[in-house]
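J.: can you look at this prediction? I've put the sequence above it.
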Amino acid sequence: MRQFHPFHSQLYLGNGRALYCGPLQHLEAHVYGAPVLHVGIYGPFRMMLGDGAWRSHRAVVVPPALRHALDVAGGVHGKLFVEADSPLCVSLPVPLSLSAGHGQGPERP
């Protein structure tokens, strides 16, 4: 088993958003009710979408209700949860989609 990075977990709550930052190992498939910006703080992490393929990312936005699993391997990971009706939500990068493949999301109008 890999050891955690020497970093303490932190959780910050704000108006229409929540930020988690800390070490993670592996999260089984799950969904969120809000858009989430995932960031590998010191290196990339792996994510599996509903199609079953693991892909490496340094940062990615996961839209609400998109089933995914994470493998951070003990690295420090940041997650910014944003309320869908928040003004901050429109400033997030384009989210992933299953149909777009390899971590590319649909284009925004």
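T.: In hand now; what should we look at? Note that the coordinates shown come from a computational prediction; the quantities given were computed from them, not determined experimentally. Numbering: from 1, shown residues only.
J.: residue nearest the centroid of this structure?
T.: Nearest to the geometric centre of the chain sits residue 38, at 2.7 Å (CA atoms, centre = their mean).
J.: next SSE after the one helix or strand it maps to?
T.: With elements taken from DSSP states H and E, the one containing residue 38 is strand 36-40. Counting by DSSP H and E, the next helix or strand C-terminal to strand 36-40 is strand 45-49.
J.: what are the pairing partners of that next one, and which direction each?
T.: Using DSSP bridges, the strands paired with strand 45-49 are strand 54-57 (antiparallel), strand 68-71 (antiparallel).
J.: JSON lines for those, including mean neighbour count?
T.: All C-beta atoms are positioned from the backbone trio N, CA, C, and that covers glycine. Output for the strands paired with strand 45-49, formatted as JSON lines (neighbours: other CB atoms under 10 Å):
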{"stretch": "strand 54-57", "mean neighbour count": "14"}
{"stretch": "strand 68-71", "mean neighbour count": "18"}
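J.: hey, what's the residue nearest to the centre of the chain bridged with?
T.: residue 60, residue 79.
J.: contacts only, for it.
T.: 45, 47, 57, 59, 60, 61, 62, 70, 77, 78, 79 (CB atoms under 8 Å, 6 or more residues apart in numbering).
J.: dump the residues you listed to a markdown table, plus pLDDT and distance to residue 92.
T.: Shown next, in a markdown table, are the contacts of residue 38 (pLDDT from 0 to 100; distance: CB to CB, whole Å):
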| residue | pLDDT | distance to residue 92 |
| --- | --- | --- |
| 45 | 94 | 18 |
| 47 | 95 | 16 |
| 57 | 93 | 15 |
| 59 | 91 | 11 |
| 60 | 91 | 11 |
| 61 | 90 | 5 |
| 62 | 91 | 10 |
| 70 | 95 | 18 |
| 77 | 94 | 17 |
| 78 | 95 | 13 |
| 79 | 95 | 12 |
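J.: sweet, I'm off.
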